[in-house]
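> Build the 3D model from these lines:
(chains A and B)
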Amino acid sequence: MVVPPESEELPRANIKRIVKAKLAELARSQLGQERDIPVQKEAFQAFAESTRIFIHYLSATANDICRETKRQTINADDVLRALDDLEFGEFVEPLRASLEGYKAGRKSMPKKSSTSTSKRKTSTTKNKEKAQKAFREGDGEDEEETMQ
Amino acid sequence: DFKTHQLPLARIKKIMKADEDVKMISAEAPVLFAKACELFILELTFRAWMHTEENKRRTLQRNDVAGAISRADIFDFLVDIVPREELKVTFLST
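Numbers count the residues shown, from 1 in each chain, chains lettered A, B, ... in the order given. The predicted structure follows:
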């Protein structure tokens, strides 16, 4: 089985933002008022780690789906089908809507080319196991500008 | 409500490409992943928060994330990533 080498972490600040916003919303709906919910630093770390492994897990599954139809490039449908396979089917509709918005926004811009990586053939892998083995300590906190 | 992504596409692409099995990725894929990750974090946050509430605490702890993961089948793949602390912690707080 091929194990992903130590992969990058998602920027902690972005994760923090998403978590805090959701907690503020939950507090608001439950208590009827804004309240800051404190979050343990280690909890943010757990969110970041989990999301990174989610990416590996979803990528591997989408990749398998892509290969099944003898293609090389993971496309939107592969990702959406992968989400279904992994029981995250409720994400599919919001993702479709989000993708349409993205495409509409980029209609006037030149087409981006596919990205590629240097490759070698691998045998079939157990994606869950792979995702779990992909777990490594990350680089720690940093910030990164979000991209369009 | 399409705005800038909450998570950087370049970083997501790097994480995807860390898997050697993953060859080529269409331009749309990181866009979908960014949104999927956001939804994933929202779901995990919600469930972790429920755990915090059940334990009558004000601060969301790592153990709440672990608790959320242990309860939901869809988070099965994370069970070894964020393991639960010893059970005695749960007993003491209920």
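
> Against which helices or strands is the helix or strand containing residue A:44 packed?
Secondary structure here is read from DSSP states H and E; on that basis residue A:44 sits in helix A:41-68. Judged by 3 or more Cβ pairs under 8 Å, 6 or more residues apart in numbering or on different chains; DSSP states H and E, helix A:41-68 is in contact with helix A:12-31, strand A:73-74, helix A:76-85, helix A:127-133, helix B:9-17, helix B:28-54, helix B:62-71. (Glycine included, C-beta is placed from N, CA and C.)

> List the contacts of the shortest one.
The reference is to strand A:73-74. Defining contact as Cβ atoms under 8 Å, 6 or more residues apart in numbering or on different chains, one finds that strand A:73-74 is touched by A:59, A:62, A:63, A:66, A:114, B:22, B:23, B:24, B:25, B:26, B:29.

> The fourth one is in contact with residue A:80, isn't it?
No: Residue A:66 sits out of contact with residue A:80 when judged by Cβ atoms under 8 Å, with a separation of 11.9 Å.

> higher neighbour count, those two?
When neighbours are counted by other Cβ atoms under 10 Å in any protein chain shown, residue A:66 comes out ahead of the other of residue A:66 and residue A:80, with 25 against 22.

> Contact partners for the more buried one?
Contacts for residue A:66 (Cβ under 8 Å, 6+ apart) come out as A:72, A:73, A:74, A:75, A:78.

> same thing but at 6 Å, please
Applying Cβ atoms under 6 Å, 6 or more residues apart in numbering or on different chains, we find residue A:66 in contact with A:74, A:78.

> CA-only coordinates of stretch A:31-49, as CSV, when you get a sec.
Coordinates of the C-alpha atoms in stretch A:31-49 are reproduced here as CSV (Å, rounded to 0.1, in the frame of the first residue of the first chain):
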residue,chain,number,x,y,z
LEU,A,31,-29.5,31.0,23.9
GLY,A,32,-31.1,33.7,21.8
GLN,A,33,-28.0,35.8,22.1
GLU,A,34,-24.4,36.0,20.9
ARG,A,35,-22.0,34.2,23.1
ASP,A,36,-18.4,33.3,22.5
ILE,A,37,-17.8,29.6,23.1
PRO,A,38,-14.3,29.0,24.2
VAL,A,39,-12.5,26.2,22.3
GLN,A,40,-9.5,24.4,23.6
LYS,A,41,-6.4,24.8,21.4
GLU,A,42,-6.1,21.0,21.1
ALA,A,43,-9.7,20.9,19.8
PHE,A,44,-8.8,23.2,16.9
GLN,A,45,-5.9,20.8,16.2
ALA,A,46,-8.3,17.9,16.2
PHE,A,47,-10.5,19.7,13.6
ALA,A,48,-7.5,20.4,11.4
GLU,A,49,-6.2,16.8,11.6
